[in-house]
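Enquirer: Just need the structure, nothing else, for what follows:
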Amino acid sequence: MEEDRLIFGILVESYLILLLIMGWIAHMIGQALASQWRSWKQIIPYCLLLSCSNNFLIYALFEGELLSWTAFLLTSVILITAACVSYRICFVKKMTTQYWWLYQKTSPLQFCKKESTP
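Expert: Numbers count the residues shown, from 1 in each chain. You can find the predicted model right below:
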């Protein structure tokens, strides 16, 4: 019965808990980079390292597969996506609050230039 609920050699619940923790860290990476006006491209190496640490934790804590490329790629895509969304939300908030006379928020992920009123 328990073998049906395995993913990458561990229980699905264990993987989801680790992914939730790593997703929170990816969220913090995105916020930190946006608040320091860093490029969004710096998210990629940080999240790849985070995905490596996730694979190691799967191996060390749950005796899962250490060198699983599918786990690495799936986790990397999820973490990079979470960090990019977090980066964009923080960046839009920063642009619209710091330059309130130039930009207005159109959605949590977008802003546009304000139209000048005569």
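Enquirer: Next, count neighbours for residue 12.
Expert: 12 (other Cβ atoms under 10 Å). C-beta here means a position set from N, CA and C on the backbone, and glycine is covered the same way.
Enquirer: Test my guess that residue 11 contacts residue 62.
Expert: Yes - in this structure, residue 11 is within contact of residue 62 by Cβ atoms under 8 Å, at 7.5 Å.
Enquirer: separation between residue 58 and residue 21?
Expert: The gap separating residue 58 from residue 21 is 12 Å, by Cβ to Cβ, to the nearest Å.
Enquirer: These two - which one has more neighbours?
Expert: Neighbours per residue (other Cβ under 10 Å) separate residue 58 from residue 21, with residue 58 holding more: 23 against 12.
Enquirer: Wasn't that one part of a helix?
Expert: Yes - under DSSP: H, G, I helix; E, B strand; the rest coil, residue 58 falls within a helix.
Enquirer: For residue 69, grab the count of nearby residues.
Expert: By other Cβ under 10 Å, neighbour count at residue 69 equals 9.
Enquirer: so what's it scoring on pLDDT?
Expert: Confidence at residue 69, expressed as pLDDT, is 83.
Enquirer: Could you measure from it over to residue 111?
Expert: Residue 69 sits 38 Å away from residue 111, going by Cβ to Cβ.
Enquirer: Please apply the same query to residue 84.
Expert: Taking Cβ to Cβ, one finds residue 84 at 16 Å from residue 111.
Enquirer: what does residue 77 give?
Expert: Distance from residue 77 to residue 111, by Cβ to Cβ: 26 Å.
Enquirer: okay, these two: which has more neighbours?
Expert: residue 111 (19 against 12).
Enquirer: Could you give the bridge partners of the more buried one?
Expert: residue 105 (DSSP bridges).
Enquirer: pretty sure it contacts residue 104?
Expert: Yes - here residue 111 reaches residue 104: they are 6.4 Å apart, a contact under Cβ under 8 Å.
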